[in-house]
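Asks: The following comprises the amino acid sequence and a computationally predicted model.
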Amino acid sequence: DITDPNINHRIDYDETALCLSVEQVVYPKTAKNKDDQWLYVVNQGQYRQGIRIEKCVTPTNPPQSCSFTEGFPIGYKTECRQKHIYRRLLALNEDGKTITDSFQLPSCCACIVVHDSALRSRVGSISKKESQTHQNNVTKIN
């Protein structure tokens, strides 16, 4: 049997990802380094630098909700968020000389839980007076 070399099948059959993503190997021609500068990456002829990346399939602006997240407490929501990692690659500096530098590349699509501040503003916050009244009532019960 020939095994499918496709790297998209890394999750076991009984597992489901919370955020849809696509994995691929890229050979970048340019990339942004740790100093936020775009440099040419050496990637031609016999010198090829393939990097495995994973990108969120759904747009992250505005953020998409993760799958299977019913039942989270009120005031919290989930978002699929693109994560990055720094990889060292051979590149060309401004003078055309080869250097090794760190470049930011997409590494995974993560499901994160965030406090929903929009919900809090819609529901409203408890004033100090209401909080004190509530505290007094709790004290009286005890």
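Replies: Alright, I've got the coordinates.
Asks: Who are the contact partners of the closest residue to residue 57 other than its chain neighbours?
Replies: Taking CB to CB, 6 or more residues apart in numbering as the measure, residue 57 lies nearest to residue 20, with 4.0 Å between them; neighbours along the chain are not counted. Placement of C-beta: from N, CA and C, glycine included. Taking CB atoms under 8 Å, 6 or more residues apart in numbering as the contact definition, residue 20 lies against 56-58, 67, 80, 109.
Asks: Spell out the secondary structure type for the one residue sitting closest to the centre of the chain.
Replies: Centroid-nearest residue in the chain: residue 82, 2.3 Å away (criterion: CA atoms, centre = their mean). Secondary structure state of residue 82, per DSSP: H, G, I helix; E, B strand; the rest coil, is strand.
Asks: Please report the distance of the residue nearest to residue 57 from residue 61.
Replies: 16 Å (CB to CB, to the nearest Å).
Asks: Sketch out the low-pLDDT regions of the chain for me.
Replies: Scanning the chain for pLDDT under 70 picks out 1-12, 60, 119-142.
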